[in-house]
Structure formats: C-alpha cells, structure tokens
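1. Just the structure for this:
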Amino acid sequence: MAKEVRAQYEPVAEIGVGAYGTVYKARDLQSGKFVALKNVRVQTTENGLPLSTVREVALLKRLEHFDHPNIVRLMDVCATARTECETKVTLVFEHVDQDLKTYLDKAPAPGLPLDTIKDLMRQFLRGLDFLHSNCIVHRDLKPENILVTSNGQVKLADFGLARIYSCQMALTPVVVTLWYRAPEVLLQSTYATPVDMWSVGCIFA
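-> Below is the predicted model:
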C-alpha cells in the first residue's frame, strides 16, 4: 500500500480528468505492460483516509476477487502521503484503449451494425447484473465509464460513486451525470438498482 508509484509505473499519457481524479496511461516497469493509473488526492482526517475513499478501494478489492470479464480489473493500490493533511491514492487498473463514447465516435456512418449493438449491450448488462447480484449499485453509468477493448470486450469502470446497498439504506441524491440521472434521483427520493437501469436505457438510446 505504501509502495512508491514512480518506482514501478512510468506515466505515458493523460487519459482523462474527472471530478474524482486524473487518469493516466502508464507502463509497468516490471512487466512492460500498459496499465491505467487513477490518481486521487484526498483530505486526510485524524482518523486516516476518509470513508468514501476506503469504501471505493474495499469495493474494488471485492470485485477483483470475482474477476468478472465485464468489470475492469484492479491490479494494485498505492498511497503516498503528500502532507499531513493530504494523501495521494493511486488505483492501478488494467489498461483499455477506449471508452464507449470514443468507440461510437469512431464508428463509420450510418453507425454500428445491429449485431454489434446487441453484443455490446449483452456484455454491458452481464456486468451490471453481476454488480446488482452482489448488492452493488454503480450510480454513474455513462459512455465514458464503459470501456471497450480492441476485440470488442465491454468492461464497466469508475466505481467512485458505487455503493453496496441494502433495502433499508437511504442513498445520496448527488450521483450520476445529469443526462443519465433517473427521476427518483432528480426528485431526491429513495432508490437502488433501478437508477442504473434508467442509465442503461439512456445509453442504449
């Protein structure tokens, strides 16, 4: 956990910047393979890392145990203290060259063949069914958080807002990118896995 990131991973290019961190394409200096580094700076409290960060790491480690083909794989977790008030946490994932948005943008007119759309959606729903079967709601499904490998394999990614839920749990309304947000989230009422299914419908459309 306290491993020095630069000693093992060499950043190659910035992939993207989001509300919860910056993602880089990097080379594993031991294996020579490419990985994705998600750097997140978090405020350290007197009790250590905030609960939200601990929750995301714990959830990703739980998913890693199952090694599902449609869930992006967490390979390593590194934490480096920058100051007594801030810690940089680096999550190391398998690298996938493109997200669904990029994949769709590159598709020639008039768009993807129907069989390809069916295959992508089938894989997408398999990954989501796995999450829901393990009482996990993603809460931020959008094309940018769905990765597509060079051979067409779909992998769900970015679990920064995901939660393990129960029927009695009240979840925060501050989730999901606006255009993929379900009515119950907009109305700030209780919700669970159906919010992900609403996002699925928006993405499919």
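2. where do the helices sit along the chain?
-> 5-8, 51-66, 100-106, 114-133, 183-186, 194-204 (DSSP state H).
3. pLDDT of the second one, averaged?
-> When you say that, I think you mean helix 51-66. Mean pLDDT, computed over helix 51-66, is 74.
4. Pick out the residue closest to the middle of the chain.
-> residue 158 (1.2 Å; CA atoms, centre = their mean).
5. Backbone torsions only: list them for that residue.
-> Main-chain torsions, residue 158, degrees, to the nearest 10: phi 60, psi 80.
6. so what's it closest to, chain neighbours aside?
-> residue 145 (4.2 Å; CB to CB, 6 or more residues apart in numbering). Quick note: C-beta positions are derived from backbone N, CA and C, even for glycine.
7. wait, which of the helices of the chain is closest to residue 73?
-> Nearest to residue 73 among those is helix 51-66 (6.4 Å), distances taken as CB to CB.
8. returning to what we had before: just put the helices of the chain in TSV and tack on distance to residue 163.
-> Shown next, in TSV, are the helices of the chain (distance: least, CB to CB, whole Å):
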stretch	distance to residue 163
helix 5-8	27
helix 51-66	7
helix 100-106	22
helix 114-133	11
helix 183-186	13
helix 194-204	11
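9. Using TSV, lay out those together with mean neighbour count and distance to residue 42.
-> Output for the helices of the chain, formatted as TSV (neighbours: other CB atoms under 10 Å; distance: least, CB to CB, whole Å):
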stretch	mean neighbour count	distance to residue 42
helix 5-8	14	15
helix 51-66	15	5
helix 100-106	14	27
helix 114-133	15	24
helix 183-186	15	25
helix 194-204	17	25
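10. and of those helices, who's closest to residue 94?
-> helix 51-66 (10.5 Å).
11. Could you verify my assumption that residue 73 touches residue 61?
-> No - Residue 73 is beyond contact range of residue 61, at 11.2 Å (criterion: CB atoms under 8 Å).
12. Now do stretch 29-41: distance to the chain's middle.
-> 15 Å (CA atoms, centre = their mean, to the nearest Å).
13. Name the residues of that stretch that are buried.
-> 34-40 (16 or more other CB atoms under 10 Å).
14. ok, of these, which one's closest to residue 124?
-> Nearest member of these to residue 124, counting by CB to CB, is residue 36, at 19.3 Å.
15. gap between that closest one and residue 14?
-> 11 Å (CB to CB, to the nearest Å).
16. what touches both of those two?
-> By CB atoms under 8 Å, 6 or more residues apart in numbering, residue 36 and residue 14 have these common neighbours: 23-25.
17. Would you format the residues you listed as JSON lines with neighbour count, pLDDT and distance to residue 202 included?
-> Below are the shared contacts of residue 36 and residue 14 laid out as JSON lines (neighbours: other CB atoms under 10 Å; pLDDT from 0 to 100; distance: CB to CB, whole Å):
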{"residue": "23", "neighbour count": "21", "pLDDT": "90", "distance to residue 202": "23"}
{"residue": "24", "neighbour count": "19", "pLDDT": "94", "distance to residue 202": "29"}
{"residue": "25", "neighbour count": "16", "pLDDT": "96", "distance to residue 202": "28"}
